[in-house]
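In: got a predicted structure here, sequence first:
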Amino acid sequence: MMIRAAIRSDLGAILRLLRELGDTTHTQSAHVRMSSAAVRAWTRMEGDPDRTVLVAEQRGQIIGTLDLVVVANLTHDAQPWGIVDNLVVDPDARGAGVGRALMEDALDRATRAGCYKVELLSHESRGGAHAFYHSLGFDNSAEGFRRYL
C-alpha cells in the first residue's frame, strides 16, 4: 500500500469513497458524484498550498482518502494547526491499517508544517471511529458545534 497526495485523475475514486460517509444532512446528498461543482471544488483544493488530499493506493486501486488542511494562526507563537476531515476507507479494506497509515501520513505532514495540534470531528454515533482516534493519541477534549447554512 502507498500513501500519496491525490491527483486530479483520482477524483472519481475519491468521490466514490466519500459516499461511504453517508452524510445526508439537509446540505449534503448521499449521492456524491462527479459534477462540474465537484471539479471546480477540486480545482480550488489542488491549488491551495495549505491543503492536501491524501489517498491510499493498493494495486492501482484507491482504497482510502482523507483531507488535511493547515491553518495559519496567531496564537501559540503563530504556529499553524491542522484539520483532518473526510477520512474514509473502502469497506473491503477496513481493519487492514489503511486508516492508520493515512492518519500517520497526515500527522507527519502536519508536524513538518510546524502545526502545534491537529483536530478532527467525528459524529457522536461513530463509536468505532472514536476508539480508532483514541488509539492514535487523540483526546476527546472539546465539544464541537456546527451551524448549517
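Out: Yep, that arrived. Numbering: from 1, shown residues only.
In: C-alpha from now on. contacts and neighbour counts both.
Out: OK.
In: for stretch 100-119, buried residues please.
Out: 101, 102, 103, 105, 106, 107, 109, 110, 111, 113, 115, 118 (16 or more other Cα atoms under 10 Å).
In: how far does the helix or strand hosting the fifth one sit from the chain's center?
Out: It stands for residue 106. Under the criterion of DSSP states H and E, residue 106 resides in helix 98-112. Its chain's C-alpha centre lies 10 Å from the corresponding centre of helix 98-112 when counted by Cα atoms, centre = their mean, to the nearest Å.
In: on that earlier part again, between the buried residues of stretch 100-119, which is nearest residue 142?
Out: Closest to residue 142 out of the buried residues of stretch 100-119 is residue 118 (12.7 Å), distances taken as Cα to Cα.
In: turn the buried residues of stretch 100-119 into TSV, columns for pLDDT.
Out: As requested, the buried residues of stretch 100-119 are exported to TSV (pLDDT from 0 to 100):
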residue	pLDDT
101	98
102	98
103	98
105	98
106	98
107	98
109	98
110	98
111	98
113	98
115	98
118	98
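In: from those, which is closest to residue 56?
Out: residue 102 (6.8 Å).
In: hang on, the closest one packs against residue 3?
Out: Yes - applying Cα atoms under 8 Å, one finds residue 102 in contact with residue 3, separated by 6.5 Å.
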